[in-house]
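Visitor: no FASTA, just this:
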């Protein structure tokens with residue numbers, strides 16, 4: 001097991017429908033359902049991306065401010081010497097350069113596997129775009145949602161089935177939180193991963209990253225080191241010069257509540273068929289300062305910061321917005337608009353939840369004359385060890401079978417392998433036919449008897465179905481070993497009975513395979529082919 005690449009034996013793809021794990025809105029989107037067509041601008045295709053490029057050309061961003069902000073950010077972090085990243089920043093100064101963006105909060109140690117997947121998807125799409133349109137340039141961007149204050153979600157990771165939680169009393173934007181208090185978690189990670197081939201190098205990387213003062217600085221360093229060879233730009237948008245671009249929108253939100261009105265109209269239409277992911281508030285801004293990131297509400301003529309003593313008159317908050325735009329943090333309704341207002345972006349890579357709320361926002365973008373990017377569902381993978389695959393094949397099953405619940409899978413296995421008959425399919429069919437015949441006989445005598453015979457038939461079929469269930473339960477007791485094996489395999493593939501990518505962290509894989517893990521995922525990442533990937537090693 002010298003490196004990851006040599007261990008990969010094959011890869012498979014499944015439709016998202018076949019996994020049974022994705023929402024109706026995701027399935028309808030990837031299948032280009034007409035029911036969703038009015039909620040987005042461009043299809044997920046090369047033609048859609050070309051249209052997005054033309055729309056972006058007609059609405060240029062302030063490239064000079066963007067480049068200066070990035071140069072300042074990288075210089076302050078001491079990370080401005082990576083050649084590919086430096087080239088990417090320089091390219092952003094050219095009007096023929098576009099970005100492919102993904103975004104995520106600064107989860108501790110990256111949080112979940114999909115954190116890595118979505119970044120690599122952005123990189124892969126940018127590469128494919130360059131191959132297809134060589135006269136233009138395409139830069140992958142990781143937009144860090146450093147202003148998010150959900151510490152309960154961001155301050156934990158799962159490692160070998162254990163949930164590791166960062167115990168801190170800090171409040172406010174997680175990205176601004178100090179990295180103190182992480183030593184117990186780092187020691188736990190060290191104890192488990194230091195013995196693996198690339199463990200020492202990984203632990204040294206984590207130590208360097210989380211010795212930086214704030215979580216956003218640590219995440220910035222970690223992501224940069226993992227992906228700098230691909231020219232990925234990491235953007236921390238919590239910067240006053242960048243937020244100046246949003247002052248008119250923020251002012252409109254505070255005083256006229258226009259974003260709320262626009263998005264409510266869209267969510268009303270979307271909610272006729274799907275669960276609405278995010279509902280707008282009257283004001284969609286937080287006040288961000290120090291350890292505070294609290295909602296702004298209007299009370300009469302004044303504006304208050306919820307759960308604080310802060311209160312501003314209309315004149316004061318208008319003046320504050322113009323002098324300190326960095327103190328205003330957009331919520332989920334306005335964050336995407338901010339992102340697209342400062343980046344020359346044409347495609348956004350997001351998960352199912354992100355896709356669902358972006359589909360609420362098209363009319364908001366149209367109103368503020370900001371180009372709406374192509375929405376690309378991020379890549380999803382299931383990483384399967386070769387030993388697990390061998391066990392699955394020994395049971396004469398397929399990997400795709402394990403997307404089903406264990407009980408359903410066991411039922412199918414028992415019906416297939418039992419030496420005795422455990423299903424009554426033929427008997428139920430014959431009974432149904434028998435009572436259909438009796439209906440005809442009885443009906444010829446008296447029409448009123450037909451409903452009575454139909455009722456008798458339904459009762460008989462139901463009794464047979466109940467008997468079949470009892471027979472199956474009794475026979476399943478003889479398959480206890482197979483049941484345990486099914487449970488063991490499925491628990492490994494679907495920890496906590498959910499998608500692996502939403503539970504597991506990249507650390508154990510990187511400790512084993514090093515950068516080859518990243519390289520393999522990059523090689524396997526589709527650009528626009530929206531399928532669920534299975535990788536075996």
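Guide: Here it is on my side, so go on. Just so it is clear, the model here is predicted, and its values are computed rather than measured.

Visitor: quick one: low-confidence parts of the stretch 151-300 of the chain?
Guide: When the per-residue scores of the stretch 151-300 of the chain are filtered using pLDDT under 70, no range remains.

Visitor: Let me see the ranges of the strands in it.
Guide: With DSSP state E, counting those that start in this stretch, the ranges of strands along the stretch 151-300 of the chain come out as 156-159, 162-165, 233-236, 285-289, 292-299.

Visitor: list the helices and strands the longest one packs on?
Guide: The helices and strands touching strand 292-299, judged by 3 or more Cβ pairs under 8 Å, 6 or more residues apart in numbering; DSSP states H and E, are strand 285-289, strand 302-305. No exception for glycine: its C-beta is placed from N, CA and C like everyone else's.

Visitor: between those strands, which one is nearest to residue 343?
Guide: Counting by Cβ to Cβ, residue 343 lies closest to strand 285-289 out of the helices and strands packed on strand 292-299; the figure is 20.2 Å.

Visitor: and the angle for that closest one with strand 292-299?
Guide: Using axes from the mean of the first three to the mean of the last three Cα atoms, to 10 degrees, the inter-axis angle of strand 285-289 relative to strand 292-299 is 130 degrees.

Visitor: thinking again about what came up before, save the strands of the stretch 151-300 of the chain as CSV, and put in mean neighbour count too.
Guide: Supplementary listing: these in CSV, determined by neighbours: other Cβ atoms under 10 Å:
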stretch, mean neighbour count
strand 156-159, 18
strand 162-165, 13
strand 233-236, 24
strand 285-289, 22
strand 292-299, 17
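
Visitor: for the chain, longest helix please?
Guide: Secondary structure of the chain read by DSSP state H shows that its longest helix is helix 449-476.

Visitor: What average pLDDT does the next helix-or-strand element following it get?
Guide: Past helix 449-476, further along toward the C-terminus, the next helix or strand under DSSP states H and E is helix 480-493. Averaged across helix 480-493, the pLDDT comes to 88.

Visitor: and the helix or strand just after helix 480-493, what other elements does it pack with?
Guide: Toward the C-terminus, helix 480-493 is succeeded by helix 507-513 as the next helix or strand (DSSP H and E). On a contact count with 3+ Cβ pairs under 8 Å, 6+ apart, helix 507-513 meets helix 4-7, strand 156-159, helix 183-193, helix 199-209, helix 515-524.

Visitor: Make JSON lines from these and add distance to residue 320 to it.
Guide: Converted to JSON lines, these look like this (distance: least, Cβ to Cβ, whole Å):
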{"stretch": "helix 4-7", "distance to residue 320": "51"}
{"stretch": "strand 156-159", "distance to residue 320": "35"}
{"stretch": "helix 183-193", "distance to residue 320": "38"}
{"stretch": "helix 199-209", "distance to residue 320": "34"}
{"stretch": "helix 515-524", "distance to residue 320": "43"}
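
Visitor: Can you check which of these gets nearest to residue 355?
Guide: Across the helices and strands packed on helix 507-513, closest to residue 355 is helix 515-524 (Cβ to Cβ), at 20.8 Å.

Visitor: Residues contacting the closest one, please?
Guide: Residues from elsewhere that reach helix 515-524 (Cβ atoms under 8 Å, 6 or more residues apart in numbering): 3-5, 8, 11, 116-117, 120, 123-124, 226-227, 230, 381, 506, 509-510, 513, 533, 535.

Visitor: orientation of the next helix or strand after it relative to helix 480-493 in degrees?
Guide: Toward the C-terminus, helix 515-524 is succeeded by strand 532-536 as the next helix or strand (DSSP H and E). Inter-element angle recorded for strand 532-536 and helix 480-493: 110 degrees (by the same axes, to 10 degrees).

Visitor: strand partners of strand 532-536, parallel vs antiparallel please.
Guide: Note on strand 532-536: by DSSP bridges, its sheet partners are strand 10-14 (antiparallel), strand 380-384 (parallel).

Visitor: Of the helices and strands packed on helix 507-513, give the one that comes closest to residue 491.
Guide: With Cβ to Cβ, the closest approach to residue 491 among those belongs to strand 156-159: 13.1 Å.

Visitor: Quick one: the strands paired with strand 532-536 as JSON lines, columns for mean pLDDT, mean neighbour count and distance to residue 39 too.
Guide: Compiled in JSON lines, the strands paired with strand 532-536 are given as follows (pLDDT from 0 to 100; neighbours: other Cβ atoms under 10 Å; distance: least, Cβ to Cβ, whole Å):
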{"stretch": "strand 10-14", "mean pLDDT": "88", "mean neighbour count": "14", "distance to residue 39": "26"}
{"stretch": "strand 380-384", "mean pLDDT": "97", "mean neighbour count": "22", "distance to residue 39": "22"}
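
Visitor: and those as CSV, adding distance to residue 31?
Guide: Listed next are the strands paired with strand 532-536 as CSV, based on distance: least, Cβ to Cβ, whole Å:
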stretch, distance to residue 31
strand 10-14, 14
strand 380-384, 16
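
Visitor: Ok, which of those strands comes nearest residue 349?
Guide: Between residue 349 and those, the shortest separation by Cβ to Cβ is 11.7 Å, and it involves strand 380-384.

Visitor: Check which residues of the helix or strand following that closest one are buried.
Guide: Scanning forward in sequence from strand 380-384, with DSSP H and E defining helices and strands, the next element found is helix 386-394. Of the residues in helix 386-394, those with enough neighbours to count as buried (16 or more other Cβ atoms under 10 Å) are 388, 389, 391, 392.

Visitor: which of these lies closest to residue 178?
Guide: The closest of those to residue 178 turns out to be residue 388 (Cβ to Cβ; 40.8 Å).

Visitor: for the strands paired with strand 532-536, which one sits closest to residue 217?
Guide: Of all the strands paired with strand 532-536, the one in closest proximity to residue 217, counting by Cβ to Cβ, is strand 380-384 (28.9 Å).

Visitor: dump the residue contacts of the residue in the chain sticking out farthest from the centre.
Guide: When distances are taken from the C-alpha mean of the chain, residue 445 lies farthest, 64.6 Å away, according to Cα atoms, centre = their mean. By Cβ under 8 Å, 6+ apart, no residues touch residue 445.

Visitor: first vs last residue of stretch 491-503, how far apart are they?
Guide: Across its full length, stretch 491-503 reaches 12 Å between end residues, using Cα to Cα, to the nearest Å.

Visitor: contact partners of stretch 48-55?
Guide: The contact list for stretch 48-55, computed with Cβ under 8 Å, 6+ apart, reads 41, 42, 98, 129, 133, 136, 346, 347, 371, 372, 373, 374.

Visitor: Residue 165: what's its closest spatial neighbour, skipping adjacent residues?
Guide: Take residue 165 and drop its neighbours on the chain: the residue closest to it by Cβ to Cβ, 6 or more residues apart in numbering is residue 156, 4.7 Å away.

Visitor: how much space between that neighbour and residue 166?
Guide: In this structure, residue 156 and residue 166 are separated by 7 Å, where distance is defined by Cβ to Cβ, to the nearest Å.

Visitor: same thing with residue 88?
Guide: Using Cβ to Cβ, residue 88 is found at 31 Å from residue 166.

Visitor: Same check on residue 517?
Guide: 24 Å.

Visitor: So which residue is smack in the middle of this protein?
Guide: With distances taken as Cα atoms, centre = their mean, the chain has residue 351 as the residue nearest its mean C-alpha position (3.0 Å).

Visitor: ok, that residue touching residue 378?
Guide: Yes. Between residue 351 and residue 378 there is a contact at 5.3 Å, judged by Cβ atoms under 8 Å.

Visitor: what is in contact with these two at once?
Guide: 114, 118.

Visitor: list the contacts for the closest residue to residue 231 other than its chain neighbours?
Guide: Taking Cβ to Cβ, 6+ apart as the measure, residue 231 lies nearest to residue 84, with 3.9 Å between them; neighbours along the chain are not counted. Taking Cβ under 8 Å, 6+ apart as the criterion, residue 84 is in contact with 228, 229, 230, 231.

Visitor: Just the buried ones from those?
Guide: Among those, those scoring as buried are 228, 230, 231 (criterion: 16+ other Cβ under 10 Å).

Visitor: residue contacts, the last one?
Guide: Residues counted as contacts of residue 231 (Cβ under 8 Å, 6+ apart) are 84, 85, 87, 88, 123, 139, 140.
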